[in-house]
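>>> any chance you can model this:
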Amino acid sequence: MPASDAVDQQEQPWNRRRLRSTNERLLLDRLRAAGAASRAQLARETGLSKPTVSSALASLAAAGLVHEVGTHAPERGRIAVLYAPDPAAGYALGIDVGRSWLRVAVADLDGSVVARSEVRNRARSSRAMADLVVATARQVVAGSGVAPDEVVHAVVGTPGVYDEKQHRVRYAMHLPGWGRAGLFDRMREELGVPLEVHNDANLAALGEYTYGVGAGSRLFLYILIGTGLGMGVVSEGRLFTGAHGLAGEIGFLPWPGQQKPERLEDAVSGVAVVEAARRFGMSGQLTAKAVFDAARRGDEAAVKAVRLEGERIAHTVAAAAAVLDPDLVVLGGGVGHSVDLLLKPVRDHLRTLTPLRPRIAPSRLGEDAVLLGAVATALGTARDVVFERRSAAS
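Numbers count the residues shown, from 1 in each chain. So this is what the prediction gives:
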């Protein structure tokens, strides 16, 4: 036998396994994207033969990746069994670390949240905050009834930008000590789950695209206005993060302050709303929420502060629109929750600044935008991991 024929014969079993895996993944992705289907329907839509579809579905079912979800009775012909991905084949963990709140959720492979929790972030050090994240995540997993080893991937959303080389977060100005090297490595080890770290505004943008008002947008911006200021950019369904992960860090843009040059974050944030309200005559222990509530009641100083915030947000939108040409700008975060008061001043002032007119809308997800973006990102990896594990095991 020629040596080349022997090599071909040796490679054939591997090629067949690869082909089977490719066919199985093709069917699984189709079921996840378009819903339950029968063998015949899958054969028509994928171009695979009916025997190939039957064999691939049998393998997927044996691996626990798909299951029967019902039947379809056509006008003519036999009743067809419908198949869908098994959402309980694995789980993903989403974590949103904010200055005031920590939110954690476990979701199945369909993206349905099966357990969640939100707790006040009263940690006074980075170590205490990391301990709080680990303890809360463990409690949520335990309360979900999901075995810890079934949670295959986790994503953390945080202010700042994660430096993969140094294993630390940079520019998390409002979370003191959060940039300490090795902090997330310890969290990975204690949770026992592979863990990614992403900027919170980026995740909020992805969450809004996946579950909220950004769905179907060609290019949209999510402006997160809270303790700080950030922006996420989603183009054709994908995050745009720039060469070093810093795209959207609009808080660093210069802003002409009254005494000295400031950053845009100093002018457009919850703190800026409170400072403006004090300048206009409000007193007492103020929060951004209190200022907006007072504006709704007609308090003159609060109304002026809110109008000023709207004008500054309009400057932010104008600058971003000139560079990126979005079809949609979503306002979210703590200040973004009061868009009912902000939309008119933002739109009115935008008309005086620029001829560009992107649509401006409030976040549909509200406080859950970062958390759901973390879940969506974790699911992308979790689905791949579960497929590889279960396919190999079967």
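>>> from here on, contacts and neighbour counts on C-alpha atoms
Fine.
>>> for the nearest residue to residue 252 once chain neighbours are set aside, what are its contacts?
Among residues not flanking residue 252 along the chain, residue 263 sits closest, at 5.4 Å (CA to CA, 6 or more residues apart in numbering). Applying CA atoms under 8 Å, 6 or more residues apart in numbering to residue 263 gives the contacts 251, 252, 253, 254, 255.
>>> so what pLDDT did residue 263 get?
According to the prediction, residue 263 has pLDDT 89.
>>> what's the answer for the one 3 residues further on, then?
The predicted local confidence for residue 266 comes out at a pLDDT of 89.
>>> surely residue 341 meets residue 305?
No: counting by CA atoms under 8 Å, residue 341 sits too far from residue 305 to count as a contact (11.0 Å).
>>> and the helices in the protein?
For the chain, the helices defined by DSSP state H occupy 3-34, 39-46, 50-62, 126-144, 183-191, 200-211, 264-267, 270-279, 288-296, 300-324, 333-336, 339-353, 369-393.
>>> turn these into CSV, columns for distance to residue 154.
Formatted as CSV, the helices of the chain follow (distance: least, CA to CA, whole Å):
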stretch, distance to residue 154
helix 3-34, 20
helix 39-46, 32
helix 50-62, 24
helix 126-144, 10
helix 183-191, 9
helix 200-211, 13
helix 264-267, 29
helix 270-279, 29
helix 288-296, 32
helix 300-324, 31
helix 333-336, 22
helix 339-353, 31
helix 369-393, 5
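>>> please identify the deepest-packed of these.
Greatest average neighbour count among these goes to helix 200-211 (a mean of 28), per mean count of other CA atoms under 10 Å.
>>> and that one, how far out from the chain's middle?
4 Å (CA atoms, centre = their mean, to the nearest Å).
>>> quick one: contacts of that helix?
In this structure, residues lying in contact with helix 200-211 by CA under 8 Å, 6+ apart are 96, 157-160, 214-217, 221-224, 230-234, 237-239, 241, 363-365, 369-374, 376-377.
>>> quick one on the thing from earlier: going through the contacts of residue 263, which ones are buried?
251, 255 (16 or more other CA atoms under 10 Å).
>>> hmm, back to that, of the contacts of helix 200-211, buried ones?
Among the contacts of helix 200-211, the ones that count as buried by 16+ other CA under 10 Å are 96, 157-160, 214, 217, 221-224, 230-234, 237, 239, 241, 363-365, 369-374, 376-377.
>>> which of those fall in strands?
Using DSSP state E, the members of the buried ones among the contacts of helix 200-211 that fall in strands are 96, 157-158, 221-224, 230-234, 239.
>>> before I go, just wanted to say thanks for your time.
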